[in-house]
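Q: with the input below, show me the fold.
(one chain, ligands or ions: 1)
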Amino acid sequence: MASNNESGSTQIAHTSTQNPSTKGELCRKAGQLVGLIEMPVDIFIEVGTHLLPPDLLSLARASRNIRKLLMSRPSAVAWRRALENMPCLPGCPDDLSEPQYASLLYDRNCHGCGAPWIEKVIFVLRARLCDPPFGKKCLDRLCARETLHRIRLTHPRSHPV
Ligand SMILES: [Zn+2]
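A: Numbers count the residues shown, from 1 in each chain. Model prediction:
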């Protein structure tokens, strides 16, 4: 009996996490988000306040329009409440937005090389990096990217080499 339930739930989980393999399947999955996008903004945000930060991160990556909505000022309350839904979580640092803080805490990729399943967060650097000896190279990449980003912000017309 228990194995029947177990196999049934495994089948459902497997189906829901499969990546779309064809263009048609991708369009069908994108079409399932239409209702979400067309939902009134205040209701969409209210739904977001009941989610957890990893859920909001996943939702923000589901489509360009949803990302745009979740990164807009009215959605800040959804991110704040989602972070509050996590018990014992320290408050968001002043130098990070709530989505940045959620990404730092719950995304698992190295910020330097993109390697998956990196557990260690270096909060002083506001980064998740590979362990040594690769960590040094990842930190160099992150620093180079941050420096380039700052140059582009302060000198938008410059063309870095
Ligand atoms: Zn790395």
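Q: what residues of whichever strand or helix holds R145 count as buried?
A: Using DSSP states H and E, R145 maps to helix 134-154. Neighbour counts over helix 134-154 (16 or more other Cβ atoms under 10 Å) mark 135, 138-139, 141-142 as buried. (Each C-beta comes from the backbone N, C-alpha and C, glycine too.)
Q: from the residues you listed, which are also near the ion?
A: C138 (Cβ under 5 Å from the ion).
Q: nearest to I66, of the buried residues of helix 134-154?
A: L142 (27.1 Å; Cβ to Cβ).
Q: which non-adjacent residue is nearest that closest one?
A: Ranked by Cβ to Cβ, 6 or more residues apart in numbering and with sequence neighbours excluded, the top spatial neighbour of L142 is G112, at 4.4 Å.
Q: cross-check the contact I'm expecting between that neighbour and L139.
A: Yes: using Cβ atoms under 8 Å, G112 makes contact with L139 at a distance of 6.1 Å.
Q: what residues are shared contacts of these two?
A: Both G112 and L139 are in contact with 127, 129, where contact means Cβ atoms under 8 Å, 6 or more residues apart in numbering.
Q: list the buried residues for the host helix or strand of P54?
A: Secondary structure from DSSP H and E places P54 in helix 53-60. Residues of helix 53-60 classed as buried: 53-54, 56-57, 59-60 (neighbour count, 16+ other Cβ under 10 Å).
Q: now render those residues as CSV, adding distance to E46 and pLDDT.
A: Listed next are these as CSV, based on distance: Cβ to Cβ, whole Å; pLDDT from 0 to 100:
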residue, distance to E46, pLDDT
P53, 17, 96
P54, 19, 95
L56, 13, 95
L57, 18, 96
L59, 14, 93
A60, 17, 94
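Q: quick one: which of those residues is nearest C88?
A: Distances from C88 to the buried residues of helix 53-60, taken as Cβ to Cβ, are shortest for P53 (13.5 Å).
Q: OK, contacts around that closest one?
A: By Cβ under 8 Å, 6+ apart, the neighbours of P53 are 79, 82-83, 85-86, 102, 105-106.
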